[in-house]
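1. only geometry, no sequence info:
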């Protein structure tokens, strides 16, 4: 390696290590929930915290794929914030069975539901429904966060949708178990009781449609929590709950016992061989991925450090070179990879093509590859680092819109499970073609280096600045160069904030921000979940060729 390349690798390494370190530092704060004092208060009541409950529940020495940890990040500051959306969610293993776990964090506003809380819970149910994996609810919530009730209660994708999903999950035979480990109030009371089985913890668990204060206000009756809806009342008098236990640990042990008896669905039949690690060191990804998002690099070298034995069989390697398509294995699972190639390449005419841009030939190649993977029942993995489709007279005359539409069509109609990893840029229609959130990936995660927007911050700021300057000129207000520059910097700063992976993760545009070294684990666990749900036959007639 020459001195310049060595320096560049070191810069890349330092930049990625800093980005990953920053992510972990932010996660540590998120994991504190409502803060140390509230965690201690939870313990003083004899209760485990939400994260302690999840840790106790899952099998030892297994992975827990937490999703939505950054939900609500930087949001609701006027209300004191809402770390992780006030709920811990993810895929874990219980009694050797993959399950989706949803655990209210009572240290965050007593587990109250913010708008992002509802969105996060609905995403958990969506993942469970798509993959037919059981759901475990660990309930400890004061109900809807009343100051924001208009943003959480009445609309289609709001609070009530969750109970509708309870019913749909049951109709599909997907098991749901709920443990009432704290408050369970008002409309939220339907969730555990619409589950297949409900457990309640004596002394701390309570469930009722209206609490003592509301009962007093409504009908003038004086009653305490335990008499109204405590464990004895709901297990021995009303029969609303199925099991009464004395502690959180006993409730979690009972869940393990119940899950241990579950039967299995028919599997999809995705191919899995004995897993082998990559031959090339995955840690070298840190050195290869550029600290400057505009710099070209060899995407194939990233892929070789993600796949088993560092082996990929490229499809149409000499055609449509700005997209790499190929077959490989990840943790033993057969996958079809669609990745943006960030190298500057030459097309069949010897013309230079920009890396990270989708041209007509690469869109055509990717469309055909996606169809073939559907025919072969091979899950698809999309690796994003795309600035969009090629623009300009030549591209328009060549039919870029038609070819781009063909790729979007193929992604939309694909029935094999899709997994999206946003490594770097994911701009404009390139996000759509590479299976962005709108195209139903089973999981979509981002590296700390990801940027998601309609276009890059600099380009957007230039466009918006030009529009605003033109508007001022029409009003007879000619801005000075320094004023135009200040306007540009202000717009760019706002846009850059909105393109960050944390902004996206806070709003659940992505399921998680991950260390690049965890990419294999995320994909493997995702395919394992997807393998539990047989897929529909792919309709070739749906794609225009």
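-> Looks like it came in fine. This is a predicted model, so every value here is computed, not measured. Numbers count the residues shown, from 1 in each chain.
2. which SSE is the spatially closest residue to residue 62 that is not a sequence neighbour in?
-> Closest residue to residue 62 in three dimensions, ignoring its sequence neighbours and counting by Cβ to Cβ, 6 or more residues apart in numbering: residue 93, at 4.2 Å. To be clear about C-beta, it is placed using only N, CA and C from the backbone, and glycine gets the same treatment. Element membership for residue 93, per DSSP states H and E: strand 87-94.
3. Can you tell me what sits against that strand?
-> 50-51, 54, 57-59, 62-68, 71, 98-105, 111, 117, 120-121, 123-124, 127, 133, 136, 255-256, 259, 525, 529 (Cβ atoms under 8 Å, 6 or more residues apart in numbering).
4. and residue 227, how many neighbours?
-> A count of neighbours around residue 227, defined by other Cβ atoms under 10 Å, yields 12.
5. wait, is it part of a helix?
-> Yes: counting by DSSP: H, G, I helix; E, B strand; the rest coil, residue 227 is part of a helix.
6. any idea how far it is from residue 103?
-> 27 Å (Cβ to Cβ, to the nearest Å).
7. re the thing from before, let's see the ChimeraX selection covering just the buried ones among the contacts of strand 87-94.
-> Restricted to buried positions by 16 or more other Cβ atoms under 10 Å, the ChimeraX selection for the contacts of strand 87-94 reads:
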select :50,51,54,57,58,63,64,65,66,67,68,71,98,99,100,101,102,103,104,105,111,117,120,121,123,124,127,133,136,255,256,259,525,529
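8. In helices, which of the contacts of strand 87-94 appear?
-> If you go by DSSP state H, the contacts of strand 87-94 have 50-51, 54, 57, 117, 120-121, 123-124, 127, 255-256, 259, 525, 529 in helices.
9. Run a quick check on residue 455 versus residue 426, I expect a contact.
-> No: using Cβ atoms under 8 Å, residue 455 is not in contact with residue 426, being 11.0 Å away.
10. higher neighbour count, these two?
-> residue 426 (31 against 18).
11. and the more buried one, what is it in contact with?
-> By Cβ under 8 Å, 6+ apart, residue 426 lies in contact with 384, 385, 386, 434, 436, 450, 451, 452.
12. which ones among those are found in strands?
-> 384, 385, 386, 451, 452 (DSSP state E).
13. just the buried members of these?
-> Buried among the ones in strands among the contacts of residue 426 by 16+ other Cβ under 10 Å: 384, 385, 386, 451, 452.
14. Quick check: closest non-adjacent residue to residue 300.
-> Residue 300's closest residue in space is residue 324 (Cβ to Cβ, 6+ apart), at 6.1 Å.
15. and that neighbour, what element?
-> strand 323-330.
16. show me where the stretch 301-450 of the chain has strands.
-> Under the criterion DSSP state E, counting those that start in this stretch, the stretch 301-450 of the chain contains strands at 313-314, 323-330, 333-340, 345-346, 352-353, 357-358, 380-386, 388-389, 418-427, 443-446.
17. ok so, going back, orientation of the strand holding residue 93 relative to helix 50-57 in degrees?
-> Strand 87-94 runs at 10 degrees relative to helix 50-57, counting by axes from the mean of the first three to the mean of the last three Cα atoms, to 10 degrees.
18. which sections of this structure are below the confidence cut-off?
-> Residues of the chain meeting the criterion pLDDT under 70: 1, 187, 397, 457, 461, 537-545.
19. the longest helix in it is where?
-> Assignment by DSSP H gives helix 3-31 as the longest helix of the chain.
20. Show the subsequent helix or strand relative to that one.
-> Downstream of helix 3-31, the first helix or strand assigned by DSSP H and E is helix 36-44.
21. So residue 226 sits against residue 233, correct?
-> Yes: between residue 226 and residue 233 there is a contact under Cβ under 8 Å: 7.0 Å.
22. Which of those two has more residues huddled nearby?
-> Neighbour count, other Cβ under 10 Å: between residue 226 and residue 233, residue 233 has more, with 19 against 13.
23. Report the separation between the more buried one and residue 222.
-> Using Cβ to Cβ, residue 233 is found at 16 Å from residue 222.
24. next one: residue 468
-> As judged by Cβ to Cβ, residue 468 and residue 222 stand 62 Å apart.
25. mind checking the SS state of the residue located most distally from the centre of the chain?
-> In the chain, residue 476 marks the outermost C-alpha relative to the chain mean, sitting 48.0 Å out by Cα atoms, centre = their mean. With three-state DSSP as the basis, residue 476 sits in coil.
26. Report all helices and strands that the helix or strand hosting residue 200 contacts.
-> Per DSSP H and E, residue 200 falls inside strand 197-201. Packing partners of strand 197-201 (3 or more Cβ pairs under 8 Å, 6 or more residues apart in numbering; DSSP states H and E): strand 176-184, strand 243-245, helix 248-259.
27. Of all the ones you listed, which one is nearest residue 351?
-> Among the helices and strands packed on strand 197-201, the nearest to residue 351 by Cβ to Cβ is strand 176-184 (56.5 Å).
28. ok and the closest one relative to strand 197-201, angle-wise?
-> Relative orientation of strand 176-184 and strand 197-201, computed by the same axes, to 10 degrees: 30 degrees.
29. Strand 176-184 relative to helix 248-259, how many degrees between them?
-> Using the same axes, to 10 degrees: strand 176-184 against helix 248-259 is 160 degrees.
30. helices or strands next to strand 176-184 in the packing?
-> Where contact means 3+ Cβ pairs under 8 Å, 6+ apart, strand 176-184 is packed against strand 135-141, helix 160-171, helix 190-193, strand 197-201, helix 248-259.
31. Partner strands of it, with direction?
-> strand 135-141 (parallel), strand 197-201 (parallel) (DSSP bridges).
32. winner for burial among those?
-> Of these, the one with the most neighbours on average (mean count of other Cβ atoms under 10 Å) is strand 135-141, at a mean of 27.
33. got the angle for that one vs helix 36-44?
-> Taking the same axes, to 10 degrees, one finds strand 135-141 and helix 36-44 inclined to each other by 100 degrees.
34. what's residue 59 in contact with, if anything?
-> Neighbouring residues of residue 59 by Cβ under 8 Å, 6+ apart: 92, 93, 94, 95, 96.
35. The last one: neighbouring residues, count only.
-> Spelled out, that is residue 96. Residue 96 has 9 nearby residues by other Cβ under 10 Å.
36. Can we start the residue count at 576 from this point?
-> In the new count, where the first residue is 576, that last one comes out as residue 671.
37. residues touching the residue lying closest to residue 681 once chain neighbours are set aside, list them.
-> Among residues not flanking residue 681 along the chain, residue 715 sits closest, at 4.3 Å (Cβ to Cβ, 6+ apart). For residue 715, the contacting residues are 622, 625, 678, 679, 680, 681, 686, 755, 756, 757, 758, 759, by Cβ under 8 Å, 6+ apart.
38. Could you rerun that using 6 Å?
-> By Cβ atoms under 6 Å, 6 or more residues apart in numbering, the residues touching residue 715 are 679, 681, 686, 756, 757.
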